[in-house]
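K.L.:
3D, please:
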Amino acid sequence: MKAIIFGASGQDGYYLSALLKQQNYEVIGVSRQGDFLKNDISDYNLVAELVNQYKPEFVFHLAANSTTTHAAMFENHATIATGTLNILEAVKNSSPSTKVFIAGSGLQFKNDGKPIKETDPFEARDAYSVSRIQSVYAARYFRTIGIKVYVGYFFNHDSPMRIERHMTKKIAEGAKRIAVGSIEKIVIGDIKAVKEYTYAGDIVKGIWTLVNQPENFEANISSGKGYSIKQWLEECFLIINKNWEDYVTTDPEFIPACKQLISDPSRIFSLGWKPEMDFRELAQLMMK
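P.N.:
Purely as a prediction, here's the structure:
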């Protein structure tokens, strides 16, 4: 049994690869970084050759530059939207029994401050969302012509595999340096912003739950539990026994993409999956 993971070098690819190997799958990891197979997901011929060669049971599309900045618009269009089309067309042409998983995002939905459902309307609020929305519509189209394609909508989730560009990791790494004597200031945009803090190792188990469903093809893979950045600061600095307010400064010019980004995970919960690691345990893991 074989599975291809596009975006294998990211945190989700890392944990998903480990999970699939536990399930006795041969994992073909594809990424632009690290010790993986190099393959340009935006090049149809290369993707088609890979799918035709392995004819895998599963293809997982996790590749993306995880940023909403306009500067990454063309990169993310090529990776997310064009990459999705390339995978689905390659599967249709040479391995139609392959199941395909496409990563979606809570950011692509209209956000009125309430818990977001996977059935809520989309809203293209940034360049990243545009690519994600196009990707989902491609998935829905290919589903009508017989391809088993699943979409899992991700909300914020973390692990030690995160890079420091992400706020959760930035705070944890800063706190660890402060614990051993650093006098740095951690710059935060909006400490009141609320988002989910779910462990990436749990999220990939949600992916596996979804792709093994015969009828449910789209679901939020998320916890539905929201915490503020302030609460994350408090938790991390509690571990090092210091007052976070002495080491944090806010950026008054920062404009958050949203004040709250929380999901309604009732569908995935109904399928038998729930995250196992809680907020405090994640902080402890990130602070090790």
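K.L.:
can you give me the strands for the stretch 1-150 of the chain?
P.N.:
2-6, 26-30, 58-61, 99-105, 149-154 (DSSP state E, counting those that start in this stretch).
K.L.:
who wins for proximity to residue 261 among these?
P.N.:
Among these, strand 99-105 comes nearest to residue 261, with 9.5 Å by C-beta to C-beta. C-beta here means a position set from N, CA and C on the backbone, and glycine is covered the same way.
K.L.:
Have a look at the protein and report its longest helix.
P.N.:
Using DSSP state H, we find that the single longest helix of the chain is helix 127-144.
K.L.:
so where do the helices sit in the stretch 1-150 of the chain?
P.N.:
Along the stretch 1-150 of the chain, the stretches classed as helices by DSSP state H, counting those that start in this stretch are 11-22, 44-54, 73-76, 83-94, 127-144.
K.L.:
Which neighbouring elements make contact with the helix or strand bottoming out on mean pLDDT in the chain?
P.N.:
Here the helix or strand of the chain ranked lowest by mean pLDDT, DSSP states H and E is helix 73-76, holding a mean of 87. Helix 73-76 sits against helix 127-144, with contacts defined as 3 or more C-beta pairs under 8 Å, 6 or more residues apart in numbering; DSSP states H and E.
K.L.:
what residues does the helix it packs on touch?
P.N.:
61, 64, 67-70, 72-73, 76-77, 79-81, 83-85, 88, 92, 100, 102, 104-105, 107-108, 122-124, 149-151, 217-218 (C-beta atoms under 8 Å, 6 or more residues apart in numbering).
K.L.:
Just say which of the strands of the stretch 1-150 of the chain is most tucked in.
P.N.:
strand 58-61 (a mean of 27; mean count of other C-beta atoms under 10 Å).
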